[in-house]
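> give me a 3D structure for the following:
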Amino acid sequence: MLHEPPAASSDVPAEAAAEAVRSGVTFAPAKGATLLTMADSSPRPVEPAATVASGAIVLPTGSLSLEHLKAMFAVMPVDMTLVGADDRVKFFSEGRTRVFARPLTIIGRLVQHCHPPGSVDVVERILSDFRSGRQEVAEFWIDFKGRFAHIRYFALRDEKGTYLGTLEVTQDLTRERALQGERRLLEYESQA
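Numbering: from 1, shown residues only. Presented below is the predicted three-dimensional model:
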């Protein structure tokens with residue numbers, strides 16, 4: 001769960017984040033104070049040195065600052081778009097080389113209105129199949145403006161299996177399709 005960032009940005013100490021993960025700590029938003037909720041107890045104030053949630057998203061496998069998360073989305077070789085259970089676009093990543101351009105105006109828009117009329121029936125079928133649990137993944141690949149685009153849609157579900165929405169992941173695989181042989185020695189594509 002993401003908390004409002006503190007007045008002064010600070011990184012979460014690695015040992016504190018690891019301890020939170022081991023002990024099953026979850027974070028509850030609170031105005032004016034940071035609270036930790038243990039899985040088997042009620043909220044209690046946190047000592048300042050153990051404020052794990054300040055500016056971090058804590059997951060079972062570690063924690064990420066908002067700065068790290070944004071940087072990760074910026075360098076991933078995939079474009080991601082999140083559509084909520086209400087069929088509205090909630091988020092898209094801002095990679096350096098997106099396959100499909102995304103204007104900020106799509107946030108909050110019905111995903112059906114983000115596709116050409118000829119493909120809306122396919123969008124509807126994917127969403128319906130994901131919502132009902134009939135399918136979990138839909139996959140396509142196309143030649144798009146001289147690039148080989150691989151597009152996958154994933155049904156997102158919570159731990160109980162409730163449909164949360166759909167994640168679209170698009171990747172330009174043109175370069176990868178042309179790879180041959182092996183590269184076992186370090187060799188950079190360009191000079192920094």
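
> what is the neighbour count of residue 170?
Under the neighbour criterion other C-beta atoms under 10 Å, residue 170 is assigned a count of 22. Any C-beta I mention is one placed from the backbone N, CA and C, and that applies to glycine too.

> now it, what's its secondary structure?
strand (DSSP: H, G, I helix; E, B strand; the rest coil).

> identify the bridge partners of it.
residue 79, residue 151 (DSSP bridges).

> swap in residue 157?
residue 163.

> any idea how far residue 95 is from it?
25 Å (C-beta to C-beta, to the nearest Å).

> more crowded one of the two?
Shown here are residue 157 and residue 95; by other C-beta under 10 Å, residue 95 has more neighbours (18 against 15).

> my guess is that one meets residue 73, correct?
Yes. Residue 95 lies in contact with residue 73 (C-beta atoms under 8 Å); the separation is 7.0 Å.

> doesn't residue 180 fall inside a helix?
No. Going by three-state DSSP, the assignment for residue 180 is coil, not a helix.

> measure it to residue 108 for me?
Relative to residue 108, and taking C-beta to C-beta, residue 180 is found at 45 Å.

> of those two, who's got more company?
A count of neighbours by other C-beta under 10 Å puts residue 108 above the other of residue 180 and residue 108, at 11 against 5.

> where's the more buried one relative to residue 99, distance?
Taken as C-beta to C-beta, the span from residue 108 to residue 99 is 22 Å.

> also residue 125?
22 Å.

> ok, those two, which is more surrounded?
Higher neighbour count among residue 125 and residue 99: residue 99, with 20 against 13, using other C-beta under 10 Å.

> which residues touch that one?
Listed by C-beta atoms under 8 Å, 6 or more residues apart in numbering, the contact set of residue 99 reads 79, 144, 147, 149, 170-172.

> same thing but at 6 Å, please
79, 149, 170, 172 (C-beta atoms under 6 Å, 6 or more residues apart in numbering).

> could you identify the longest helix within this protein?
As assigned by DSSP state H, the longest helix anywhere in the chain is helix 120-132.

> so where's the protein shaky on pLDDT?
For the chain, the stretches with pLDDT under 70 are 1-54, 191-192.

> mind listing the helices for it?
14-23, 66-75, 120-132, 174-178.

> now the ones you listed as a markdown table including distance to residue 104?
Converted to a markdown table, these look like this (distance: least, C-beta to C-beta, whole Å):
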| stretch | distance to residue 104 |
| --- | --- |
| helix 14-23 | 32 |
| helix 66-75 | 15 |
| helix 120-132 | 21 |
| helix 174-178 | 27 |
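
> would you tell me which of these gets closest to residue 59?
helix 14-23 (7.7 Å; C-beta to C-beta).

> so how far is the longest helix of the chain from its chain's centroid?
21 Å (C-alpha atoms, centre = their mean, to the nearest Å).

> ok, now stretch 80-96?
With C-alpha atoms, centre = their mean, you get 9 Å for stretch 80-96.

> tell me which residues in it are buried?
80-85, 87-89, 92-93, 95 (16 or more other C-beta atoms under 10 Å).
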